[in-house]
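In: Predicted structure and sequence below. I'll ask about it afterward.
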Amino acid sequence: MEGGSDSVATPFIPTEYDAFSTAPQVVDTHSPIRKGAQHQDTRSNRSLSAMPDAPQPPSGISQDLDIPCRDPEYYMVDGSCVLLVGNTLFNVHRSIVSADSSSFSDLFSLPQGDIVEGKSDDNPIVLHGDTPEEFRNFLWSLYALPQEIMTAARGSDRNIDRFIDIAKLASKYSFKSVETWALEVIQEYVERRPSPLLDTIPLGFHCTINSPSSTFLESKHQISRLVQLAQMCGHTHLLDTTITLLRQLMSLSPHFSYLAISLADELNLRELRGAAYLEVLQRSVFISGREANGNVLVEGDVHENSDGVDRLVVSRLQQVRLLSGYHRLSKAWEKLRAVPIPFEHTASCGTSWNQQSCTHSWSEFWKEKTRTDAVLALGTANVIGKLRVISKEFDKWGSATYMHSECKSAARQAIQDTIKHIGDSLPDFFHEDGEH
């Protein structure tokens with residue numbers, strides 16, 4: 001493990017593959033649907049650029065880049081509701097977007113003033129937080145023909161990003177039946193064997209900062225979006241499935257390990273956080289701050305040194321959590337090593353067996369096996385790995401022991417229970433508060 005200087009590392013800046021949506025926008029705290037007045041203000045503000053003293057854009061750059069354009073597919077000549085998403089105008093049918101008890105049906109039922117919003121390009125209903133591509137995919141689910149939908153949902157080469165967009169916006173605008181259907185399509189896709197999310201990554205794949213392949217970026221992008229979608233929609237099954245896939249990917253590259261700890265921290269995913277931090281702790285050297293030459297380290301980057309050891313750049317907070325986890329797990333192992341795991345002697349042990357010999361035999365086994373080369377070869381903080389080695393040794397112990405047969409079963413179960421307990425409590429080891 002390594003640390004950087006006192007300088008703070010440059011925060012990880014998501015690329016188009018990392019972001020779940022577009023850059024943050026000013027949104028209403030009560031609804032994603034905003035009035036068209038802001039659009040009108042933008043146009044009036046734009047007129048300032050025509051004033052003589054106003055700063056002009058650089059030569060060669062159009063002054064009309066912010067003028068909304070009509071979507072070529074979903075600006076319909078017979079539409080009855082104009083919506084502005086980003087810089088794109090959509091003209092759709094109120095009867096379509098107000099179906100399924102959606103948020104739009106509530107909007108359309110509100111009293112209107114003298115100027116009805118959504119009736120023209122000059123006064124559209126403004127939707128915040130979506131991209132035109134996302135909204136275009138969502139409208140496809142409302143307008144596509146049944147055969148188109150069946151082909152897209154069942155095809156082996158289905159566009160999973162389209163269905164993520166559909167589920168995301170269906171959840172946002174309360175299209176419950178559409179959301180349920182899209183999530184079912186996604187779940188079926190993710191559960192395929194072999195998983196398409198894993199199948200796109202070749203065996204032995206290893207990506208470093210110097211080889212950001214498109215395969216890696218696409219997989220990282222889809223995994224990230226799926227985890228966030230499942231969390232947003234409260235879809236436990238999809239969340240569990242995706243987390244399981246991500247845990248498999250963590251062993252392929254520290255990039256996936258960093259993605260896992262970042263998602264776990266951002267979404268407060270306890271079931272992922274402990275495993276992700278432990279993976280980074282055991283498989284990577286983690287650094288923070290600046291390099292010796294003064295270069296700023298960017299969180300999420302992986303530096304490959306001449307010694308072949310990957311160095312993962314983490315934030316200061318993540319570094320503290322990793323160091324705290326190492327210290328707490330090391331202390332936990334020292335306590336376990338010093339005192340054999342307790343178990344309950346069976347009633348027959350005291351009547352037909354020498355219970356003292358049974359206890360002594362278990363203590364001798366524990367003392368010997370916690371010091372074997374296989375156990376010592378593992379890192380001090382790899383408590384679960386050490387216990388698994390001891391469990392295998394116990395199974396090899398056979399009948400050459402003075403332990404009662406039922407007590408042996410109880411002792412074996414005690415080891416498994418301890419492994420499970422530590423695994424379930426891993427997130428509690430990696431936090432920055434409390435005693436270390």
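Out: Received the coordinates, thanks. Numbers count the residues shown, from 1 in each chain.
In: CA only for contacts and neighbour counts going forward, please
Out: Fine.
In: Strands along the protein, start to end?
Out: Remark: strands assigned in the chain by DSSP state E are 33-34, 69-75, 81-85, 88-92, 125-127, 285-287, 302-304, 310-313.
In: okay, those in CSV with mean neighbour count and mean pLDDT next?
Out: Output for those, formatted as CSV (neighbours: other Cα atoms under 10 Å; pLDDT from 0 to 100):
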stretch, mean neighbour count, mean pLDDT
strand 33-34, 18, 56
strand 69-75, 15, 96
strand 81-85, 24, 96
strand 88-92, 23, 97
strand 125-127, 22, 94
strand 285-287, 22, 85
strand 302-304, 20, 79
strand 310-313, 24, 84
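In: what's residue 264 in contact with, if anything?
Out: 270, 272-273, 276 (Cα atoms under 8 Å, 6 or more residues apart in numbering).
In: okay, those in CSV with pLDDT and distance to residue 75 next?
Out: Output for these, formatted as CSV (pLDDT from 0 to 100; distance: Cα to Cα, whole Å):
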residue, pLDDT, distance to residue 75
270, 91, 44
272, 93, 43
273, 94, 44
276, 94, 45
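In: Out of the residues you listed, give me the one that has the most neighbours.
Out: Neighbour tally across the contacts of residue 264 (other Cα atoms under 10 Å): the maximum, 24 neighbours, falls on residue 276.
In: So which of the strands of the chain is nearest residue 360?
Out: Taking Cα to Cα, strand 285-287 is the member of these nearest to residue 360, at 41.0 Å.
In: Paired strands for the closest one, with orientation please.
Out: For strand 285-287, the paired strands and their directions (DSSP bridges) read strand 310-313 (parallel).
In: if we can go back for a sec, could you work out which of the strands of the chain reaches nearest to residue 146?
Out: That would be strand 69-75 among the strands of the chain, by Cα to Cα, at 17.8 Å.
In: on contacts alone, who are the packing partners of the closest one?
Out: Contact here means 3 or more Cα pairs under 8 Å, 6 or more residues apart in numbering; DSSP states H and E; on that basis strand 69-75 packs against strand 88-92.
In: same thing but 10 Å
Out: strand 81-85, strand 88-92, helix 132-143 (3 or more Cα pairs under 10 Å, 6 or more residues apart in numbering; DSSP states H and E).
In: Give me the below-cutoff pLDDT ranges for the chain.
Out: For the chain, applying pLDDT under 70 flags the ranges 1-65, 156-157, 198-216, 292, 308, 350-353, 398-401, 434-436.
In: Dead centre of it: give me the residue that sits there.
Out: The chain has residue 263 as the residue nearest its centroid, 3.8 Å off, counting by Cα atoms, centre = their mean.
In: thought that residue was touching residue 274?
Out: No. If you go by Cα atoms under 10 Å, residue 263 and residue 274 don't touch, sitting 12.0 Å apart.
In: Any chance of CSV for the strands of the chain, columns distance to residue 151?
Out: What follows is those, written out as CSV (distance: least, Cα to Cα, whole Å):
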stretch, distance to residue 151
strand 33-34, 32
strand 69-75, 20
strand 81-85, 28
strand 88-92, 24
strand 125-127, 30
strand 285-287, 46
strand 302-304, 40
strand 310-313, 42
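In: out of those strands, which comes closest to residue 174?
Out: Of all the strands of the chain, strand 33-34 sits nearest to residue 174, with 12.5 Å by Cα to Cα.
In: Can you dump the C-alpha atoms of the longest helix along the chain in PDB for me?
Out: If you go by DSSP state H, the chain has its longest helix at helix 316-338. C-alpha atoms of helix 316-338 as PDB (Å, rounded to 0.1, in the frame of the first residue of the first chain):
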ATOM      1  CA  ARG A 316      -8.200  10.600   0.100                       C
ATOM      2  CA  LEU A 317     -11.400   9.400   1.700                       C
ATOM      3  CA  GLN A 318     -11.200   6.000   0.000                       C
ATOM      4  CA  GLN A 319      -7.600   5.700   1.000                       C
ATOM      5  CA  VAL A 320      -8.500   6.300   4.600                       C
ATOM      6  CA  ARG A 321     -11.200   3.700   4.400                       C
ATOM      7  CA  LEU A 322      -8.800   1.100   2.800                       C
ATOM      8  CA  LEU A 323      -6.200   1.700   5.500                       C
ATOM      9  CA  SER A 324      -8.800   1.500   8.200                       C
ATOM     10  CA  GLY A 325     -10.100  -1.700   6.800                       C
ATOM     11  CA  TYR A 326      -6.600  -3.200   6.700                       C
ATOM     12  CA  HIS A 327      -6.000  -2.300  10.300                       C
ATOM     13  CA  ARG A 328      -9.300  -3.600  11.600                       C
ATOM     14  CA  LEU A 329      -9.100  -6.900   9.600                       C
ATOM     15  CA  SER A 330      -5.500  -7.400  10.800                       C
ATOM     16  CA  LYS A 331      -6.600  -7.000  14.400                       C
ATOM     17  CA  ALA A 332      -9.500  -9.400  13.900                       C
ATOM     18  CA  TRP A 333      -7.200 -12.100  12.600                       C
ATOM     19  CA  GLU A 334      -4.800 -11.700  15.500                       C
ATOM     20  CA  LYS A 335      -7.700 -12.300  17.900                       C
ATOM     21  CA  LEU A 336      -8.900 -15.300  15.900                       C
ATOM     22  CA  ARG A 337      -5.400 -16.800  15.700                       C
ATOM     23  CA  ALA A 338      -4.800 -16.400  19.400                       C
END
